[in-house]
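Novice: here is the input, now give the coordinates:
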Amino acid sequence: MSVQASPARVERDEWVPLRYWVASNRTDTHDTVTLTLRPEDVAIPEFLPGQFTMLYVFGVGEIPVSISGDPADDNGTLVHTVRDVGAVSKALRLARNGMTVGVRGPFGTG
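Specialist: Here you go, the predicted structure:
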């Protein structure tokens, strides 16, 4: 039997995105998807309802997106619902499982 440890949560430079991989990309409507992201190494600090992250698609850019997942999820998983309205959100809508994205945050007041 193997036990999966929770990703480390460490002090870090908030300007440097942490690497997450796309665990799932669920189509909600023709232009909207819900992404489940898992940390590759280190997870962002715990977040509160109402906060957002900056999602970075390498080579494309970065956008702010509200976190739509459960803050009580202790394995570092993030859930974001994204509507395709520009270059970065289109790249996120088309993201395939296993793709790496950058995550900064959380930002805002919970």
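Novice: in the longest strand seen in the chain, which residues are buried?
Specialist: In the chain, taking DSSP state E as the definition, the longest strand is strand 18-29. Judged by neighbour count (16 or more other CB atoms under 10 Å), strand 18-29 contains these buried residues: 18, 20, 22, 25. C-beta coordinates here come from the backbone N, C-alpha and C atoms, glycine included.
Novice: same deal with stretch 39-47?
Specialist: Along stretch 39-47, these residues count as buried under the neighbour rule (16+ other CB under 10 Å): 39, 43-44, 47.
Novice: centre of the chain versus it, how much separation?
Specialist: Taking CA atoms, centre = their mean, to the nearest Å, one finds the center of stretch 39-47 at 9 Å from the center of the full chain.
Novice: now it: mean pLDDT?
Specialist: Mean pLDDT, computed over stretch 39-47, is 93.
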